[in-house]
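>>> Just need the structure, nothing else, for what follows:
(chains A and B)
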2 protein chains.
Amino acid sequence: MAPSDSRPPLYLDDLAVGDRFDSGTLVVEAEEVRSFAERFDPQPFHLDEAAARASVFGGLAASGWHTAALTMRLLVQSLPLGCGVIGAGTELAWPRPTRPGDTLRVSSTVLEIAPSNSKPDRGIVTCRSETLNQDGGCVQRMTAKLLVLRRPGAVG
Amino acid sequence: MAPSDSRPPLYLDDLAVGDRFDSGTLVVEAEEVRSFAERFDPQPFHLDEAAARASVFGGLAASGWHTAALTMRLLVQSLPLGCGVIGAGTELAWPRPTRPGDTLRVSSTVLEIAPSNSKPDRGIVTCRSETLNQDGGCVQRMTAKLLVLRRPGAVG
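Have a look, this model is predicted:
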């Protein structure tokens, strides 16, 4: 996975609607599925194989918040924004479960760019990020409003 | 914080629009703010005090995904759903940062109840959950679509 500092940092002025950013991959570790769920989402279908089989998930599933956190890890590495990846708000859906052992990647597309009227140094970029497993199945669909700064010195 | 199993489990039939559920509290541990960010959201404003002061956050801030995960922990303990707390999708906003040392609680209100047309054993409950700090400031506003089952045996 390419470290984000291998590419020049991007600012609001550098982005265009339709720009696409593809991440590297990571493997969802079974031990982390358990430890994340124990700490943040201690429900049987994230912790116990038999209980998970009997649930709507049909088998052990990672917490959706674990999927979201792993997606963020991939986003930080694939969206080389000069100001960092800062979400003001987001919509999330989990069309199918993330399973222990899945290999995830994230594909992000710029949908809209709105310079701020009140703060000339920044804008809001709407970005759709799909988190896909090894079969191309979408485990998370996210539409995020990102706070993105203009290039330092670009504001008169 | 009351364990969820001290109250009878709730099913779709037990919920009404306007029902409110208040969680206990938890303290945001500085060490966990760091370890969560290192693993999932390794950006300077979550890890380094000086960099955070110079950022839009004005000081060290927890990852929004850490706030979301801690909110889930409080939700699992405060929403005693018989089928568990299962999100189909959600909207999230982070009106202000979560700081190390903050004490968080979650207040949830049922906004809408929609029995499924195609699957008579379940429905979608729209629930707004506000995560508040010790000053009553809202650090996360979430509107979630929860999958909630009807009471076992309630379907003819």
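>>> Quick check: closest non-adjacent residue to the spatially most central residue of chain A.
Centroid-nearest residue in chain A, with Cα atoms, centre = their mean: A:T71, separated by 3.3 Å. Spatially, and ignoring its direct neighbours in sequence, A:T71 is nearest to A:T131 (4.7 Å; Cβ to Cβ, 6 or more residues apart in numbering or on different chains). Bear in mind the C-beta positions are built from the backbone N, C-alpha and C, glycine included.
>>> Surely the residue nearest to the centre of chain A is in contact with A:L104?
Yes. Taking Cβ atoms under 8 Å as the definition, A:T71 is a contact partner of A:L104 at 7.4 Å.
>>> Verify the stated contact: A:I124 with A:L149.
No. Using Cβ under 8 Å as the test, A:I124 is too far from A:L149 to be in contact (11.2 Å).
>>> which residues do A:T71 and A:L104 both contact?
Counting by Cβ atoms under 8 Å, 6 or more residues apart in numbering or on different chains, the contacts common to A:T71 and A:L104 are A:T131.
>>> who does the helix or strand harbouring the residue nearest to the centre of chain A touch, helix- and strand-wise?
Assigned by DSSP states H and E, A:T71 falls within helix A:64-78. Judged by 3 or more Cβ pairs under 8 Å, 6 or more residues apart in numbering or on different chains; DSSP states H and E, helix A:64-78 is in contact with strand A:20-27, helix A:30-40, strand A:103-115, strand A:122-132, strand A:138-149, helix B:30-40, helix B:64-78.
>>> what about 6 Å?
strand A:20-27, strand A:103-115, strand A:138-149, helix B:30-40, helix B:64-78 (3 or more Cβ pairs under 6 Å, 6 or more residues apart in numbering or on different chains; DSSP states H and E).
>>> CA atoms only for it, dumped as CSV, please.
Extracted C-alpha coordinates of helix A:64-78, given in CSV (Å, rounded to 0.1, in the frame of the first residue of the first chain):
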residue,chain,number,x,y,z
GLY,A,64,-20.1,-2.2,11.1
TRP,A,65,-18.0,0.3,13.0
HIS,A,66,-15.0,-1.9,12.6
THR,A,67,-15.6,-1.9,8.8
ALA,A,68,-15.9,1.9,9.0
ALA,A,69,-12.7,2.2,10.9
LEU,A,70,-10.8,-0.1,8.5
THR,A,71,-12.2,2.0,5.6
MET,A,72,-10.8,5.1,7.3
ARG,A,73,-7.4,3.5,7.5
LEU,A,74,-7.5,2.7,3.7
LEU,A,75,-8.8,6.3,3.0
VAL,A,76,-6.1,8.0,4.9
GLN,A,77,-3.6,6.1,2.7
SER,A,78,-5.4,6.6,-0.6
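>>> what angle separates it from helix B:64-78?
Relative orientation of helix A:64-78 versus helix B:64-78 (axes from the mean of the first three to the mean of the last three Cα atoms, to 10 degrees): 180 degrees.
>>> So what's the residue count around A:V17?
11 (other Cβ atoms under 10 Å in any protein chain shown).
>>> thinking again about what came up before, what about the residue nearest to A:T71, neighbour count?
27.
>>> ok, now A:R7?
10.
>>> For the residue lying closest to it once chain neighbours are set aside, give its distance to chain B.
Once flanking residues are discounted, A:R7 sits nearest to A:P80: 4.6 Å by Cβ to Cβ, 6+ apart. In this view, A:P80 and chain B are 12 Å apart by Cβ to the nearest Cβ, to the nearest Å.
>>> Verify the stated contact: A:P80 with A:Y11.
No. The pair A:P80 / A:Y11 is not scored as a contact, 10.3 Å apart, by Cβ atoms under 6 Å.
>>> And A:V155, what's its pLDDT?
The per-residue pLDDT reported for A:V155 equals 64.
>>> Up against chain B, what does chain A have?
A:40-41, A:43, A:64-65, A:68-69, A:72-73, A:84, A:87, A:89-93 (Cβ under 6 Å from any Cβ of the partner chain).
>>> Thanks a lot, catch you later.
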